[in-house]
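Participant: Show me how the following folds:
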Amino acid sequence: MTIFVVISHYFGEVPGGLSVFMVGWLAVDMFFVLSGYLVGKLILDKSHARNFLTVFYVRRACRTLPIYMLCVLAIFGLVGLVDRPWAHADTTFPLWSYLTFSQNVFMAARNDVGHEWLGPTWTMGLEEHFYLALPLLCLLVPRRRLAAVLCIIMLAAVCARAGILLLAPDWRMATLVFLPTRADVLICGVLGALAIASPRTLGSRLELPLRLAAPLLLLVTCLLKLMDSEQGIVFQVFGPLAVSVGCTAFLLTLVRGAPEAIRFRSPILCFFGTTSYAVYLTHMPVLGLMHGLILGTKPDVGTAAQWGVTVAALPVCVAVGWLLTRLVEAPISAYGRKWSWHEPASAHPRTAVSAI
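Facilitator: Presented below is the predicted three-dimensional model:
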């Protein structure tokens with residue numbers, strides 16, 4: 001998924017970029033679905049633990065915060081150190097907004113992502129809000145009613161997007177970066193985890209529908225995009241839901257042992273899966289620095305030289321991501337996994353779920 005985002009940002013979402021490479025939005029939705037599934041499964045398996053909230057939040061903090069904070073501080077330091085036009089942005093947000101995961105509020109209010117090097121952090125802000133809300137929701141709502149409540153929240157998110165786009169189009173960015181307007185994508189993954197936890201809901205008769213759902217819903221999404229008006233309101237309202245349902249169906253087929261699942265176990269994909277978080281956080285500043293230092297301009301692919309620098313930035317961002325994963329993310333995440341779950345005295349032992 002991170003590979004698609006990098007390709008989109010490097011070759012598609014630049015002034016002279018090619019639209020065929022603009023597939024990052026699809027990868028982001030798939031990332032949200034996967035995150036919802038993994039976190040939802042972990043909560044469903046471990047919410048009975050006596051120290052559930054403590055261990056959950058400690059592990060999440062160790063997994064996401066150190067490398068994020070390091071990257072944000074380093075990027076702010078680089079922008080301040082490199083006093084060149086190519087290192088500056090028309091719209092900037094304060095450092096504290098990134099450190100408190102409130103940059104999404106600024107993005108929505110100004111209808112802008114801010115500095116390009118920190119643009120991808122909106123997904124981390126949304127994820128952190130999700131991490132705070134979902135465990136509490138799952139503890140407060142009885143398991144037998146959880147699916148219904150989640151479906152209501154999904155419907156509310158779709159309605160919120162529609163309301164903003166129809167009544168307050170100047171707040172269009174809010175439909176992309178706020179949890180209340182994107183909750184349907186994450187919750188699709190949680191519903192997938194619920195379905196796996198209740199095997200009777202996924203009988204063998206659903207095998208074929210699940211396999212067909214992903215390509216059919218992606219086709220529907222493309223048709224929505226092609227047939228929509230110039231404003232693209234219908235696509236923006238219903239497109240994320242269609243994509244997320246399709247991605248959830250695809251994920252469930254893999255989890256249930258579809259033959260193509262073995263392809264995702266290749267060493268190359270496992271390597272990128274391990275380093276994806278660090279690559280995601282650093283690929284934009286790597287691209288910006290290389291174009292600025294070598295060509296003295298902001299990133300683009302309008303000339304052969306610009307193409308060359310962009311292609312050269314690919315292995316550099318992977319190397320930076322690998323180093324950060326090895327030196328920062330891996331050891332701190334390992335510490336987080338030392339916080340073990342305390343089973344209730346009356347509970348039967350369960351199979352441990354590896355931390356994500």
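
Participant: Who are the contact partners of S198?
Facilitator: Residues near S198 by CB atoms under 8 Å, 6 or more residues apart in numbering: none. (C-beta placed from N, C-alpha, C; glycine too.)

Participant: Can you give me the distance of it to V105?
Facilitator: Between S198 and V105 the distance, using CB to CB, to the nearest Å, works out to 37 Å.

Participant: Okay, now the unreliable bits of the stretch 251-356 of the chain?
Facilitator: 345-356 (pLDDT under 70).

Participant: can you check the stretch 51-200 of the chain too?
Facilitator: Using pLDDT under 70, the stretch 51-200 of the chain drops low at 199-200.

Participant: Pull the number of nearby residues for P15.
Facilitator: P15 has 10 neighbours, counted by other CB atoms under 10 Å.

Participant: likewise the one 3 residues further on?
Facilitator: Residues lying near L18 (other CB under 10 Å) number 10.

Participant: what does W96 give?
Facilitator: 9.

Participant: Reduced to three states, what does H342 come out as?
Facilitator: coil (DSSP: H, G, I helix; E, B strand; the rest coil).

Participant: OK, contacts around it?
Facilitator: H342 neighbours (CB under 8 Å, 6+ apart): 49-51.

Participant: What separation is there between it and F52?
Facilitator: 9 Å.

Participant: L295 too?
Facilitator: With distances taken as CB to CB, L295 is found 52 Å from F52.

Participant: V245 now?
Facilitator: Using CB to CB, V245 is found at 29 Å from F52.

Participant: More neighbours: these two, which one.
Facilitator: Using other CB under 10 Å, the more surrounded residue of V245 and F52 is V245, with 22 against 18.

Participant: give me the number of residues near A197?
Facilitator: A197 is flanked by 13 other residues according to other CB under 10 Å.

Participant: Neighbour-wise, give me the winner out of the contacts of H342.
Facilitator: A49 (18 neighbours).

Participant: got the contact list for the nearest residue to it once chain neighbours are set aside?
Facilitator: Of all residues beyond its chain neighbours, the one nearest A49 is W341 (4.1 Å), with distances taken as CB to CB, 6 or more residues apart in numbering. Applying CB under 8 Å, 6+ apart, one finds that W341 lies in contact with 46, 49, 51-52, 55, 352.

Participant: Now go through these and say which are in helices.
Facilitator: If you go by DSSP state H, the contacts of W341 have 46, 52, 55 in helices.

Participant: Redo those residues as a markdown table? Include distance to G40.
Facilitator: What follows is the ones in helices among the contacts of W341, written out as a markdown table (distance: CB to CB, whole Å):
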| residue | distance to G40 |
| --- | --- |
| K46 | 11 |
| F52 | 14 |
| V55 | 16 |
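
Participant: circling back to that earlier point, mind putting the contacts of H342 into a markdown table with distance to C270?
Facilitator: Shown next, in a markdown table, are the contacts of H342 (distance: CB to CB, whole Å):
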| residue | distance to C270 |
| --- | --- |
| A49 | 29 |
| R50 | 34 |
| N51 | 31 |
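
Participant: And these, which is closest to R263?
Facilitator: A49 (34.5 Å; CB to CB).

Participant: Surely that closest one and L139 touch.
Facilitator: No: taking contacts as CB atoms under 8 Å, A49 lies outside contact range of L139: 11.2 Å.

Participant: Show the contacting residues for the closest residue to G288 other than its chain neighbours.
Facilitator: Counting by CB to CB, 6+ apart, W117 is the residue found nearest to G288 once chain neighbours are left out, at 5.4 Å. Residues near W117 by CB under 8 Å, 6+ apart: 75, 78-79, 284-285, 288.

Participant: Fine, thanks again, bye for now.
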